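Novice: Need coordinates for the following:
(4 chains)
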4 protein chains.
Amino acid sequence: MANSKYEYVKAFEQPDLLIPNTWIVVRIDGRGFHKFSNKYAFEKPNDRRALDLMNAAAKAVMTELPDIVIAYGISDEYSFVFHKSCVLFERRSSKLVTTIVSTFTAYYVHLWSTFFPDMPLTPPLPSFDGRAVQYPSIQNLRDYMSWRQVDCHINNLYNTTFWALIQSGGVDAKSAEKELAGSLAADKNEILFSRFKINYNNVPEIYKKGSVVLRDYELVEPGTVSEVEEDSAKTAEQAELSKTQEEKEKKRRAKARITVQHVDIIKDEFWERRPWLLSNKPGKIPKEP
Amino acid sequence: MANSKYEYVKAFEQPDLLIPNTWIVVRIDGRGFHKFSNKYAFEKPNDRRALDLMNAAAKAVMTELPDIVIAYGISDEYSFVFHKSCVLFERRSSKLVTTIVSTFTAYYVHLWSTFFPDMPLTPPLPSFDGRAVQYPSIQNLRDYMSWRQVDCHINNLYNTTFWALIQSGGVDAKSAEKELAGSLAADKNEILFSRFKINYNNVPEIYKKGSVVLRDYELVEPGTVSEVEEDSAKTAEQAELSKTQEEKEKKRRAKARITVQHVDIIKDEFWERRPWLLSNKPGKIPKEP
Amino acid sequence: MANSKYEYVKAFEQPDLLIPNTWIVVRIDGRGFHKFSNKYAFEKPNDRRALDLMNAAAKAVMTELPDIVIAYGISDEYSFVFHKSCVLFERRSSKLVTTIVSTFTAYYVHLWSTFFPDMPLTPPLPSFDGRAVQYPSIQNLRDYMSWRQVDCHINNLYNTTFWALIQSGGVDAKSAEKELAGSLAADKNEILFSRFKINYNNVPEIYKKGSVVLRDYELVEPGTVSEVEEDSAKTAEQAELSKTQEEKEKKRRAKARITVQHVDIIKDEFWERRPWLLSNKPGKIPKEP
Amino acid sequence: MANSKYEYVKAFEQPDLLIPNTWIVVRIDGRGFHKFSNKYAFEKPNDRRALDLMNAAAKAVMTELPDIVIAYGISDEYSFVFHKSCVLFERRSSKLVTTIVSTFTAYYVHLWSTFFPDMPLTPPLPSFDGRAVQYPSIQNLRDYMSWRQVDCHINNLYNTTFWALIQSGGVDAKSAEKELAGSLAADKNEILFSRFKINYNNVPEIYKKGSVVLRDYELVEPGTVSEVEEDSAKTAEQAELSKTQEEKEKKRRAKARITVQHVDIIKDEFWERRPWLLSNKPGKIPKEP
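Specialist: The predicted structure is shown next:
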C-alpha cells in the first residue's frame, strides 16, 4: 500500500525562511491572561510569584535553546532574541516560534505548582501565542528592546497608581481610570507620594525594569573591546576553519550560568559591558566567589 | 515618557494572513520524541498510555477551539483542521499555529501524571513544533487526511513486525531492519502470522487506524443530505441575516460531545455519514442512551 | 577568480510559490494613465483606439502564454487568469507577474503607432504595474470576474453621463460631479435619455461590457457536458499516462484563434457554453465559414 | 447596481511589504535572450549595440524612479538598488518589481530602432522577468554587487576565449567547449594571447566590467567624509523637521546627470569616493567643464 497517491499534498506546504543576517525576535504573549490572573487571584499591580514563574520558564527556554542570546519579559509577555547569524532550523519561522512557545508553555505548566503550591491548575489551562519579527540592524534591535522596557515603565507606573487609588484610596476602578486619564508621569508620581506615601523610586526593580535573561559572563570595561562589526559575512573558507572554534564557543556557552536581572537595557552601557550579546562570542566565565 | 521614539519598530512585523476559503491544517509534531520515548520507556511498537495522553490533549484543544472541525493523530503527531470558512484570529497563521501548539503542550504536560502516574516529568520537558498548511479544495483536504492515515498503516505494520522480530524473534535491531528492507505488506503479514502467530487484523484499531477526534452528532444515512457545496461565498446581506443562526449553531456545537474514534477516514462513507465535517453545520445531538 | 566568496548572497532570495490548485489572477494597471491619457488627448468617456491597443496587447500576451485561459480588460487594466492546474514557472509569483507585465508593455509600446499613427510616443513612456492573487474555488474566480465587469458597468455609466453633461450639456467638471453625486443608475439613464437623447442600451458593447479575450472553440449546448469537477487531483500514474493526451491538447490550443468579445461574463450561460475555460480541456476548433 | 456582492474577492489580495531598513535589489533578466540574440544576429561574444540599448533603458528607469541609487548591468540582466530607507510604494514588492520591469521593457522596445535601425522588431517581442531581494547590511549589498561584477568577468573571459576559438581558431562550438572545460583564467588569457594575439587587458572596459549607472556628483577624497552610519532610524520628530531638507535633496537629485560607467565596484574606493550611494544624501553637482 504505497502512499504515493496522496503524497502530492506535501507540495502545499510553503517555505517560511526568515532572511539571513537579521536579528530574530520571537515575542510570546499570554492568551486571555486578564481572565486567567483573576481566576488565580494574582496580586495587583504585580504578582511576584507569577513573574518569577514567567522568568523560570524563560530561563528553561534559554537553556534548551542556546542560540537565544537574550530574553526580556514584562507582565505576561516575553521576547526571545536570536543572533542575526543564527541558522537554527534553517531559520524557519514556524519552527522557531512554535518551539519557543511550546517549550515555554511546558515549563510554565510544569513549574506552576512550585510557584503557586496552593492553587492547582484546572482547565482551561494557561497558553501563549507568539510571532517572529526580523530586525536588520543592531539599532533596530536595541530600539525594539527599548520599546518593550519603556512600555514596562509606562504600564507599571500607571498600574501602581491605579491600584493604589483602589486598594488604598478606596475608589472604584472607573473613578481611578478617570482620574488618571491624560495624567503625566509626574502627576502619577505625585499622587503616589502625596496621597499614599509611596516613593516610586523604591518600587522593586523587577516591576520597574522588567526581567532580562542572559548568560552570565564577566562584565567588560567599556572601551576595552573593539566595537561590534555590523557585518560578519563569513566566506566559506573562514567558516570551515572556524569549526573547532565554534565547538569551543559552544562549550563555553553551555557552561555559562543563565541569570535574570532587572536592569536598564536602554542605555549604551548595558550593551557595551556585555559585548557577547551583539558579537555572539561567549565571554569569560566569572570565577566562583 | 512617551514611547513614540521606539514605536517605529512595530512596522517590522509582517502580516501572515492565510488566504480566505482554504482549509487550514495545523500539524504538530513531538520534538525529539525518539529520545523522549526512550527516557520514559515507552512500550514498543505502541505505548497505549502515550497515545491516550496525545488524544486527551487533542480533545482539550478541540474543546478550547470550537473552530476546529476534526483532528487526526498518529504516534507523536496531530493534525487539526479548521473549516475553510474559519475566520478565527483573522486567519493569522502564527496566531493559529502557536495557539494550538501551546494549548496542546499545556495539556500534555498537565495530564502527563494521569497517564504516567509513576513517572514524574523532568527536564528537558516534552515540546511540539507545528506549521499551518492551506488546502484549497475538499479533495485536497481529504487526500491530506488519507495521506496521514495511510502513513499510520504503513508505519504500524512495519513497526509491529520490526518489534515482533526483536521482542519475540530474538534478533537485534540491525538484523530486523535488514530482513524488512524491501518487504511488501504481504511479506510482513506473513512474518507476523507464520512466525509469531499474530494476525495483523486483530491488532487494536487505535494502532492500525490512528485517532480521529470530532464532535459527536447523529450519523446520517448516505444520500439523505444534499452534497456539500464546494463554494459558500456569502454576500454581506446573507452574513448579516444569519447572525442568530450562527449563535444557535455555536450553542449546538458547544453541547456536542467530543469523541475519539479509530475508524477509516479514507473512504467516502466516513465523510458522507458525517456531513457536518465539511459543511460546518452542526448535526443533531444524539439522545442519551 | 572563483565567485564562491560572494555567492552566499543568493541565499537572500526568498521563494514565492503560489499554492497549488488555486486560480491565479494577474491584474495589471496602467501607471499614471490619467495624466497619460491627457498627454495623448484620449477621447472621453472612452477612446476606442486606446481600448483596441489594450486588447491587441492582451491578445499578444495570451498568444505567448498559452497557460492563460481567459483575460478581461476595462479601461487601462487587464486581468489574466491561469487555470488552477497551471504549473508554469513552478507557479513562482514574481516570475508570472513580471512576465505578463513585461510582455504586455512590450506590445503596448510596439503597437502604439498602429493605433495612434499620428502621435509618436515620447518619454515618459506608458508602463504598467501588476500583482497576482489566488482564488481557491471556481465561485471565487467567477465572483472576481463579475466584480470587474460590474465595475466596468458602474464606471462607464457614470463616465458616459459625466462627459455628456460636459461635452453636450456645457457644464464644467465640478458641476457635473456635483449633479451626479448620489445619483442612481436610473437617474443617470434618465439624464442621458431626456437631456441628451442617448439611449444607454445603444452604447457600444465594448464600453458597457469590457473586453473578454479567449481561445475560440465551438460553443457548447448547456447541459450537454458534465459539470466541471472542482477537483482534479491526478495521481502520478494518471499524470504519466496522459502525457500524449497533453501534447494533443497543446496543439489544439495553439491552433485556436484568440478572440476579443464584449459579452456578459457574470451569468452562468457564458461559462456553461465555454466549458473549456474551467476544465482547461481545449474545445472543438470551429470550421472555417 | 452596487458592486458589494462581489467585493469580498478583494480580501484575497495578500500584502507583500518588504521589511523596513533593508537594501532592495530588483534584478531583471531577458526572457529567452539566447534565442532572441540569434534572431537579431547579435555579435559575439558581445554586441555593443545591444549593451548600449540595455544601458539606455536602465538610464530611463533611473530617471523615472529617483529612489534608485545605483544600477548595474551585464549581458541581458540589470540590477536596480533602492536605498534601505526607501519607502516608495510602501515598499510593496510586486509594485516595485513590476514598475521597474515594465518601465525597462517600454524603453527597450521604444529605443530598439535607435540602436538597431536596420532590424525592425517583430513578434515575439523581447521581454524581461524580475524579482526583488532584500539585503540587511551594506556588506551584504556590496557583496551582491561584487558577485555580479565577478560573474561579468568570469563570463566575459570565457566567452571571449570561446568565440575566439570559433571565429578565429576555426573550431566548432563543441570542441571549443571541450577545450575550455576546467581551464583556469590564466589558461584562457594564454590561449587568447598566444593563439589570437589578444591581450585581454585591452578588451573594452564595458565588456570586462559591465555597466554602472548612477547620478553624477563630484567625487570625494577618501577620508574626508565621516563613514556612513549603518543605522539611521529617524524619530518621528526628526522626520518632520527634515521635510524641507528632503525637498532640497530631491531637487538636487533631479538635477544630477545620470551616467553610465564601466569601473570596478568591488574595491572600497568606488564606494568611498561616492558616499552619496550609501548615505542617500545627494552630492555636489559638478561644474560644467
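
Novice: Next SSE downstream of the lowest-mean-pLDDT helix or strand in chain A?
Specialist: One helix or strand of chain A scores below all others by mean pLDDT, DSSP states H and E: helix A:236-241, with a mean of 52. Taking DSSP states H and E as the definition, the helix or strand that follows helix A:236-241 towards the C-terminus is helix A:243-255.

Novice: okay, that next one in CSV with CA atoms only?
Specialist: As requested, C-alpha coordinates have been extracted for helix A:243-255 and formatted as CSV (Å, rounded to 0.1, in the frame of the first residue of the first chain):
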residue,chain,number,x,y,z
LYS,A,243,34.6,24.8,13.1
THR,A,244,36.8,23.9,16.1
GLN,A,245,36.5,27.5,17.3
GLU,A,246,32.7,27.1,17.2
GLU,A,247,32.9,23.9,19.2
LYS,A,248,34.9,25.7,21.9
GLU,A,249,32.4,28.5,22.0
LYS,A,250,29.5,26.1,22.3
LYS,A,251,31.1,24.6,25.3
ARG,A,252,31.7,27.9,26.9
ARG,A,253,28.2,28.9,26.3
ALA,A,254,26.8,25.7,27.8
LYS,A,255,29.0,26.4,30.9
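
Novice: Residues contacting it, please?
Specialist: The set of residues that contact helix A:243-255 without belonging to it, under Cβ atoms under 8 Å, 6 or more residues apart in numbering or on different chains, is A:66, A:215, A:281-282, A:285. Every C-beta, even on glycine, is put in place using the N, C-alpha and C of the backbone.

Novice: where does chain A dip in pLDDT?
Specialist: Within chain A, the stretches with pLDDT under 70 are A:1-2, A:225-241, A:288-289.

Novice: for the residue nearest the centre of it, phi and psi?
Specialist: In chain A, the C-alpha nearest the mean C-alpha coordinate belongs to residue A:72, at 2.5 Å (Cα atoms, centre = their mean). Torsion angles at residue A:72 (phi, psi; degrees, to the nearest 10) stand at phi -140, psi 130.

Novice: Beta-bridge partners for it, please?
Specialist: With DSSP bridges as the criterion, residue A:72 is bridged to residue A:79, residue A:212.

Novice: List the contacts of it.
Specialist: By Cβ under 8 Å, 6+ apart, the contact set of residue A:72 is A:78-79, A:81, A:145, A:148-149, A:210-213, A:265.

Novice: go again using 6 Å as the cut-off
Specialist: With contact set as Cβ atoms under 6 Å, 6 or more residues apart in numbering or on different chains, residue A:72 has these partners: A:79, A:145, A:148, A:212.

Novice: ok, the last one touching residue A:260?
Specialist: In other words, residue A:212. No. Counting by Cβ atoms under 6 Å, residue A:212 does not reach residue A:260; the two are 7.0 Å apart.

Novice: Compare the two and say which is more crowded by neighbours.
Specialist: More crowded of residue A:212 and residue A:260, by other Cβ atoms under 10 Å in any protein chain shown: residue A:212, with 23 against 20.

Novice: Just the buried residues of the lengthiest helix in chain A, please?
Specialist: Counting by DSSP state H, the longest helix found in chain A is helix A:138-167. Counting neighbours by 16 or more other Cβ atoms under 10 Å in any protein chain shown, one finds that the buried residues in helix A:138-167 are A:138-153, A:155-166.

Novice: show me where chain A has helices.
Specialist: In chain A, the segments counted as helices under DSSP H are A:33-39, A:48-64, A:93-115, A:138-167, A:173-180, A:185-190, A:196, A:205-209, A:236-241, A:243-255, A:268-272, A:276-279.

Novice: hmm, back to that, angle of the longest helix of chain A against helix A:173-180?
Specialist: Helix A:138-167 and helix A:173-180 meet at an angle of 120 degrees, taking axes from the mean of the first three to the mean of the last three Cα atoms, to 10 degrees as the criterion.
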